[in-house]
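>>> model this:
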Amino acid sequence: MNIQVLKPWSRLSTQNNARVTSLRCSGNKVYLGLSNGDLLVMSINSQTETPGSEPNSIRSFRSFTDAKHMFTDNKHANSLVVEKTFLAVFKLAITAIDIIPLFPENGNRVVLLLSTDDQIQVYEWVGAHLNLVKTLEEARGSSARSYVKVGDSRYLLVGLRKKVFLYKIEQRTRNIYDFVLAASHLFRDRVKEICAYGKEELAIVATGHGYHLLELGGTYSVRELPKDFANVGAFVQPSSFTYFGLSSTGPAIRIVPCGNDRSIIVNDLQTAMLRPSDGFHRLEESAVVLPTAPVAVNYLYPCYMIVTYPKTLEIIDIDSGCRIQEFKHLLNSYQISVSVSDGSVVIGAGSMVYHFSILPSQKQLDQYLSSSDPNLNSQKELSADARAFGINRAITYVISLADDDPYLQDKANASALTAKTRQLFLRDLQKEKAVLYFERYSRYAEALVDIASEWAISLTDILPLFPEFLNGSTHKISGTSRLASARKGSIKNVTIEDLELFKLLEKLRPSSDGSSKDPNAAKKAAASRFSKAVNNFIVYLTDQRRIHYSLLSSPNSVHSIKWKGVELNALDIYPGLDPSKVQNMLTSCIITIDTTLFLCYFYIKPMLLGPLLRLPNNKCNAKVVNECLLKKIHAHDEELEGSLSQLLDFYFGRELHDDALAMLKVLAHDLEEYEDKGFENLLRGPILTIRYMQKLTNEHLDLVLKYSHWILEENSESLVAQAELIFMNESYECESYDNFKVFEFLKGLSKSDALPIRYLEWLLYDTDILESSSRKKHTLKLTTKLSLFYLRHLKLLNSSGDSFYQSDWYKKLHKLLESNREFEPWTILKNIPTSEDKYLRFSIFIYKRLGEHQKSVDILYNQLADLHGAMEYCAEVYELQGGKTAGTDLLQKLLEDLLMHYEENQDGIVTLLLAQGHRMSTLNILAALPNTFPLHKLSLYLEVTTQAKQNELYVARMAGQLNKVGASKLKHQLLRAQQGYCTVTSRNEVCQICGKSLSSGMLCAGHNHHAVHYGCGMKSEAA
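Numbering: from 1, shown residues only. Modelled structure (predicted):
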């Protein structure tokens, strides 16, 4: 590739046969050192342009005359304007010119460091005068020089033979400065190169033996870098040597800073990259390969190095080592001076000076991106692809640009920082690279994962690379048209029919007839390529899903995320979008992404459909999912049940319950026959619908009731069983239902009361739903409703006697009212036929709940003649908390009722007294009994009562004696405890051990029952 980075501009010839021996550019100034000791100062006129047409690229030239014709004579171009000529500055040729930036660049004072073979002098150019400031006596003729600023200090390092002199530049006054020798170091070998780094506060000194670090922080110490510093083969020579004493210089070493805290070191033909790492410096392999030793090496911003040879000049990309531009200057000299400044490169040798202009960044990038191959369908290696090479070099160029580069500053607007502008520009370049890798070289992992995912390439740029049946926004399951593509075998050309063929080919085994050629090899290769592409597409889509959800949930007013150190917002990904429509656009993109993911799984990885569809936040297009999976079901696919399960999972996760239940209803009534009879029976029956409804909570109870109707109507034989599966199962969802709503639904479903009664019985007996604090209040109403159902069926029996009392309805109602459950007593009492004695026992439970115990006892004894029942009822009341008085009164009233006909009820009276007499007052009993009552019938009652009273008296006496013993023991313990205490009568009382006042600190009782300090007491016990 020959990209034009430097453009020939003008040429200049020196006068009086003087040769150019040194050259330096600084800003818009060019300083020429001549062989006769003259110093020529010129300024670059940037407003002039080279006349004539501009060549597209630098071509090869056969003669020096051809090379000269590429440049316009400076007399016509007027690009180099001579400002001043200083004659005979030295008697010898000026071999080196260095600029020491002690004053502002745009000022009228410039400090120059001029070198010859035998001396170094510092000059100050002011207006028309060149004033000698200082002659560095210690350094007469230098091999290397380097200026550096460390903090507020400035240093000049000069290498001479085996010594390095460190001069500190001190500002004496505002306009007067001095060069003071601060340190000097002697090395074993000749100093080849010095490169100082102000940021690290050190300088690297290259000698024939190795490399040394010179500290500039204050101590000026020197340490040699270890041998493993150079991890690049034989880059560091073990020692300098000579050939028969004819030479003592050895190979040339150059250290060229290249930006981004790196430097490239050229040691004769070898190159290496120098990088700081964790406070250390290491040499790394460099991609630059030099065919021969260069005359000069310079850094060209932002990512190039200029390598100058006697006849040619090459621009080389530092990162890749690729030759970007070659120019044959044909100066044919080993004494070529090259200098680079902003926008210009000047080279000089002999009597000729060539001036090149550096093309603007936009023109260089346009050349890179316009590189292409004439035959796009030709198969070639990626390394030989001009398009790929151009994109990669453009990426490197943009990465290497400084943050304050004018090109980035111009592209950045008021709302975008330079760093963000760079990243977005790189993102556009990476998009081109991803499309190229995908379409031309089938490098799907690099294109989709390494590039598209890493650089957040938008879905609208990647989705067109795939067939329409994978496009979630325009999916058509029946579309089989093959689109035209620029490249044969493109992924874009694959159809659904091809996928079916691919699946069949996967099942075919290689032919075993001895032939080595597989007739289906090409189709299998296409299937493999498509599978790889989709697999990497899935990774890309997953990452896009994460990015879009992050953007959608961003709290900022402008939806944005952190990306590569900058804020990436939705308008950066989708430029030109109306800001008011960002929310809808992101939602639409998420739907497309999830639907595309579904289609990829559906066609390539069906085993992963389930996890995707079960995601609670998936936004797949419901119509596409339904269409695809139902097509698979109706096609009698091998995984019928799995496809249906995945579809139901999707509906459930997206809360499309109405659609799911409607679909199951349609499938249940579908007349299509399936080979799998077990699946057909499962589909035809209500079990799938019931299973789905069992997962729905009270929020969707209306849907449950709606679709339960057809199940219960069409399965009347198993009505209760089906209702139990839906409304009476032990699940959280079922427990959350509105019980009254379900009850009313079941009540109105059929004329029979079986369903509502079974539901009420399940609520009250078979589950603990009503035990919760929020539903406990419902127990009263539900119990009442169930009681009324039981009463209704009891009234329908039309039976009496044992058949009535042994009936299930009687037992259920008796059990319900007898329990401690709450109910509405007046409602039930109104529905009890009080005119029939067989219902009177139910009234007893009602009166008991109402607290009308006297009425209950009257019913038991006076109406039902059940003395034992009445006594038990009174005993139950007696045992209730706070019911002792009421129980005694009931028993006394029952005794009075018996005494009304005591002659007939003598046995009953005796039975009452023997069973419940201990719960009654003896005096009241004796007072109530008539004088004519036979005393011998009371003998047993009196004996039992007397014995009970004696026992009570004995227990009371024993308790009294035990209380006395306990009181005596407690008094004894109190007296003993008081012996361990002592009193402090005055604040002036002193400790018996240390003699100090007891007015402060913790106190305790000593052995002699005197108060002492706690610490003194502990020490005394320890001693």
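
>>> from now on I want contacts and neighbour counts done on CA atoms only, so please keep to that.
Fine.

>>> residues contacting Arg275?
Asp261, Arg262, Ser263, His281, Arg282, Leu283, Glu284 (CA atoms under 8 Å, 6 or more residues apart in numbering).

>>> one more time with 7 Å, if that's ok
Shown in contact with Arg275 (CA atoms under 7 Å, 6 or more residues apart in numbering): Asp261, Arg262, Ser263, His281, Arg282, Leu283.

>>> how many residues are close by the fifth one?
Going back to what we said before, that points to Arg282. Residues near Arg282, counting by other CA atoms under 10 Å, number 17.

>>> now do the third one
If you count neighbours by other CA under 10 Å, Ser263 ends up with 20.

>>> how near is the closest residue to it other than its chain neighbours to Met728?
Take Ser263 and drop its neighbours on the chain: the residue closest to it by CA to CA, 6 or more residues apart in numbering is Pro257, 4.1 Å away. Distance, Pro257 to Met728, by CA to CA, to the nearest Å: 82 Å.

>>> which one's more surrounded, the two?
Met728 (21 against 18).

>>> helix or strand with the lowest mean pLDDT in the chain?
Ranking every helix and strand in the chain by mean pLDDT, DSSP states H and E puts helix 64-69 at the bottom, with a mean of 61.

>>> report the distance from the lengthiest helix in the chain to the chain centre.
Using DSSP state H, we find that the single longest helix of the chain is helix 939-979. Mean-position distance between helix 939-979 and its chain equals 76 Å (CA atoms, centre = their mean, to the nearest Å).

>>> counting contacts, what elements does that helix pack onto?
On a contact count with 3 or more CA pairs under 7 Å, 6 or more residues apart in numbering; DSSP states H and E, helix 939-979 meets no helix or strand.

>>> following it, which helix or strand shows up next?
The helix or strand immediately downstream of helix 939-979 is strand 1003-1005, counting by DSSP states H and E.

>>> just to revisit the earlier point, pLDDT of the longest helix of the chain, averaged?
Averaged over helix 939-979, pLDDT sits at 88.

>>> and for stretch 97-105?
Stretch 97-105 shows a mean pLDDT of 87.

>>> do the same with stretch 386-393
90.

>>> so where's the stretch 301-450 of the chain uncertain?
For the stretch 301-450 of the chain, the stretches with pLDDT under 70 are 373-380, 413-416.

>>> at 90 instead, please
Residues of the stretch 301-450 of the chain that meet the criterion pLDDT under 90 lie in 320, 328-335, 341-343, 350-352, 369-387, 389, 402-422, 440-442.

>>> now do the stretch 451-600 of the chain
Residues of the stretch 451-600 of the chain that meet the criterion pLDDT under 90 lie in 468-469, 471-531, 552-561, 564-584.

>>> at 50 instead, please
478-488, 512, 514 (pLDDT under 50).

>>> strands of that one, start to end?
Under the criterion DSSP state E, counting those that start in this stretch, the stretch 451-600 of the chain contains strands at 560-563, 566-569.

>>> turn those into JSON lines, including mean neighbour count.
Shown next, in JSON lines, are the strands of the stretch 451-600 of the chain (neighbours: other CA atoms under 10 Å):
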{"stretch": "strand 560-563", "mean neighbour count": "17"}
{"stretch": "strand 566-569", "mean neighbour count": "17"}
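
>>> Ala96 is nearest to which of these?
Ala96 lies closest, by CA to CA, to one member of the strands of the stretch 451-600 of the chain: strand 566-569, at 44.9 Å.

>>> for the closest one, name the packing helices and strands.
Contacting strand 566-569 under the criterion 3+ CA pairs under 7 Å, 6+ apart are the following elements: strand 560-563.

>>> counting by contacts, list what the strand it packs on packs against.
helix 521-552, strand 566-569.

>>> can you rerun that using 6 Å?
strand 566-569 (3 or more CA pairs under 6 Å, 6 or more residues apart in numbering; DSSP states H and E).

>>> dump the strand it packs on to PDB, restricted to CA.
Presented in PDB, the C-alpha positions along strand 566-569 are these (Å, rounded to 0.1, in the frame of the first residue of the first chain):
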ATOM      1  CA  VAL A 566     -17.600   7.900  28.000                       C
ATOM      2  CA  GLU A 567     -21.400   8.400  28.200                       C
ATOM      3  CA  LEU A 568     -23.000   6.500  25.300                       C
ATOM      4  CA  ASN A 569     -26.600   7.500  24.800                       C
END
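
>>> and the contacts of it?
For strand 566-569, contacts defined as CA atoms under 6 Å, 6 or more residues apart in numbering pick out Lys420, His559, Ser560, Ile561.

>>> cool, and stretch 259-274?
251-257, 275, 282-286, 290, 292-293.

>>> please apply the same query to stretch 166-180.
Residues from elsewhere that reach stretch 166-180 (CA under 6 Å, 6+ apart): Arg154, Tyr155, Leu156, Leu157, Leu181, Ala182, Ala183, Ser184.

>>> tell me the one of these nearest Leu794?
Of all the contacts of stretch 166-180, Leu794 sits closest to Arg154, with 113.7 Å by CA to CA.
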